[in-house]
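*Asks:* Got a predicted structure plus its sequence, pasted below:
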Amino acid sequence: MNTYVTGATIKQLRESRKLTQAELAEKIGVSSKTVSKWETAKGLPDISLLQPLAGALGISVIELMNGEQITNKNASANMLRCKFYVCPICGNVIHTMGDAVISCCGITLPALEAEESDDDHGITVEKVEDEHFLTIPHPMTKQHFISFVAYVTSDRLQLVKFYPESNAETRLQLRGRGYLYYYCNQHGLFKKKV
């Protein structure tokens, strides 16, 4: 059985905050024996305690459940290491400049893995004045469509959202070297070096 939060995670996070088991227990309204049971894998926190436990440990519930604390180091992330996430429920498109734990509509989203464009998912790029006209000859039905196209360089992101029953075409300013990303709701994320 997979546990949703491990005792080792609780212990590591508690110790990193320099809290004793008794201090943590007091913060969330349980006994120190209860915390000890969690840390020795003899029990698990009740789901109603996840929010208070995460708050006492100074992290989000998602970080607690994943077992990894996310620290904001703001270490000059390169946009070319970006990740895209798409919510299968509401269609929300989320962009990050590196690894992240992303949740939308109550579910944790996996980062999309980009594949090189193929014959069925090609993209045409034509220079028009000071911009480029992008066309993706792809069905745009309610069941099968291109959701977005994005152009990513080392310092910039341009993203255009498409909708079913419209054309998958737009104009973008393609400056510098980068990648075009576009997402098919049936076949995933594709990329093309520009």
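*Replies:* Alright, I've got the coordinates.

*Asks:* switch to C-alpha atoms for all contacts and neighbour counts from now on
*Replies:* Fine.

*Asks:* ok, and what's touching the helix or strand that Leu53 is a member of?
*Replies:* Using DSSP states H and E, the secondary-structure element containing Leu53 is helix 50-57. With contacts defined as C-alpha atoms under 8 Å, 6 or more residues apart in numbering, helix 50-57 is touched by 13-14, 17, 24, 27-28, 60-61, 64.

*Asks:* how far away is Tyr151 from Ala41?
*Replies:* Taken as C-alpha to C-alpha, to the nearest Å, the spacing of Tyr151 relative to Ala41 amounts to 47 Å.

*Asks:* between those two, who's got more neighbours?
*Replies:* For Tyr151 versus Ala41, neighbours defined as other C-alpha atoms under 10 Å are more numerous around Tyr151 (23 against 13).

*Asks:* List the contacts of the more buried one.
*Replies:* 157-159, 172, 174, 178-181.

*Asks:* and Gly67, what pLDDT?
*Replies:* Reading off the per-residue confidence, Gly67 sits at a pLDDT of 69.

*Asks:* start at 38 instead
*Replies:* With 38 as the first residue, the last one maps to Gly104.

*Asks:* Any stretches of this structure with poor pLDDT?
*Replies:* Applying pLDDT under 70 to the chain picks out residues 38-41, 104-115.

*Asks:* Just the buried positions in the helix holding Leu90, please.
*Replies:* Neighbour counts over helix 87-94 (16 or more other C-alpha atoms under 10 Å) mark 87-88, 90-91, 93-94 as buried.

*Asks:* how far does it sit from the chain's center?
*Replies:* In terms of C-alpha atoms, centre = their mean, to the nearest Å, the centre of helix 87-94 is found 22 Å from the chain centre.
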